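Sequence and predicted structure, then a few things I'm wondering about:
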Amino acid sequence: QVQLVESGGGLVQAGGSARLSCAASGGTFSDNPMGWFRQAPGKEREFVAADSRMGNRTVYRNSVKGRFTISRDNAKNMLYLQMNNLKSEDTAVYYCAASQLSWALATTRMNDYHYWGQGTQVTVSS
């Protein structure tokens, strides 16, 4: 069975950096869209970043463009999110997600991702 396990969250000062990792097991996702979403207290889960081999597409939420970078190591079945210049509004639980569809385009829609991790907390102190 597919499992996605996030790590790398924690307490970070505003302006600092953090790197989230997502380890995938029970399947390979090199050809599938994968992404990151986040949910702040009292708010709905929202899209952060995603990429797909199809179309060589990478998509970011406007508010993180230029600060966050999504990447993969397909040999290790890992997904990463490098977050720089963190702001207090980036505080949230961050979730890794993967589509079960091979050769699909990365999207911003939660319903297009079928597998989810348990989340990792990122808290940015100002």
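Perfect, I can see it now. Since we're looking at a predicted model, the values are computed, not measured.

hey, let's count contacts and neighbours off CA atoms from now on
Noted.

what are the ranges of the helices in this protein?
In the chain, no helices are defined using DSSP state H.

ok, and the closest non-adjacent residue to the residue nearest the centre of the chain?
For the chain, the residue nearest the mean C-alpha position is residue 36 (2.0 Å; C-alpha atoms, centre = their mean). Leaving aside its chain neighbours, residue 36 sits nearest to residue 96 (4.7 Å; criterion: C-alpha to C-alpha, 6 or more residues apart in numbering).

ok now stretch 91-103, how far from the chain's centre?
Remark: stretch 91-103 is offset 6 Å from the chain centroid, using C-alpha atoms, centre = their mean, to the nearest Å.

go on, stretch 113-126?
8 Å.

Any idea how far apart the tips of it sit?
Length of stretch 113-126, first residue to last, C-alpha to C-alpha, to the nearest Å: 32 Å.

sorry, back to before: correct me, but the residue nearest to the centre of the chain touches residue 47?
Yes: here residue 36 lies in contact with residue 47, judged by C-alpha atoms under 8 Å, at a distance of 6.6 Å.
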